[in-house]
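Peer 1: Okay, predicted coordinates and the sequence, questions at the end:
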Amino acid sequence: MRTFGLILLAFVTGVGLMVAALSWQGRAAREYAAEAVRAAVRAGITQETPCAAVLRREPPATVQNCVVGVEDGELTATVTLEGGRVSVARP
């Protein structure tokens, strides 16, 4: 019974660590996108532009693509993460 409890504890701990890691990676990407939108507003960008060109630095490792553009009259940054997850940041 003790072995089963230890295996169950290890499993739950592993799942918790994975959730924490994914949350941290997503947060870094969202902060990068928000920073890109703020920089694009300051620069007066009105067309689709890669976030790396706006910020003049590379995105976090989990970001596959990031584009700042105008959507419904306001600037947004669309970030595509590993695994196909997409996040949109607005000012």
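Peer 2: Cool, the structure landed. Numbering: from 1, shown residues only.
Peer 1: Mind jotting down where the strands sit in this structure?
Peer 2: Applying DSSP state E to the chain gives strands spanning 49-50, 63-71, 74-81, 86-89.
Peer 1: helices or strands up against the first one?
Peer 2: It refers to strand 49-50. strand 63-71 (3 or more Cβ pairs under 8 Å, 6 or more residues apart in numbering; DSSP states H and E). To be clear about C-beta, it is placed using only N, CA and C from the backbone, and glycine gets the same treatment.
Peer 1: and the closest residue to Ala28 other than its chain neighbours, how many neighbours?
Peer 2: Nearest residue to Ala28 in three dimensions, chain neighbours excluded: Pro60, at 4.6 Å (Cβ to Cβ, 6 or more residues apart in numbering). Using other Cβ atoms under 10 Å, Pro60 is surrounded by 15 other residues.
Peer 1: Pro60: what's it in contact with?
Peer 2: By Cβ atoms under 8 Å, 6 or more residues apart in numbering, the contact set of Pro60 is Gln25, Ala28, Ala29, Tyr32.
Peer 1: Quick check: the gap between the third one and Met18.
Peer 2: Remark: distance between Ala29 and Met18 (Cβ to Cβ, to the nearest Å) = 17 Å.
Peer 1: So between these two, which is more surrounded?
Peer 2: Shown here are Ala29 and Met18; by other Cβ under 10 Å, Ala29 has more neighbours (25 against 10).
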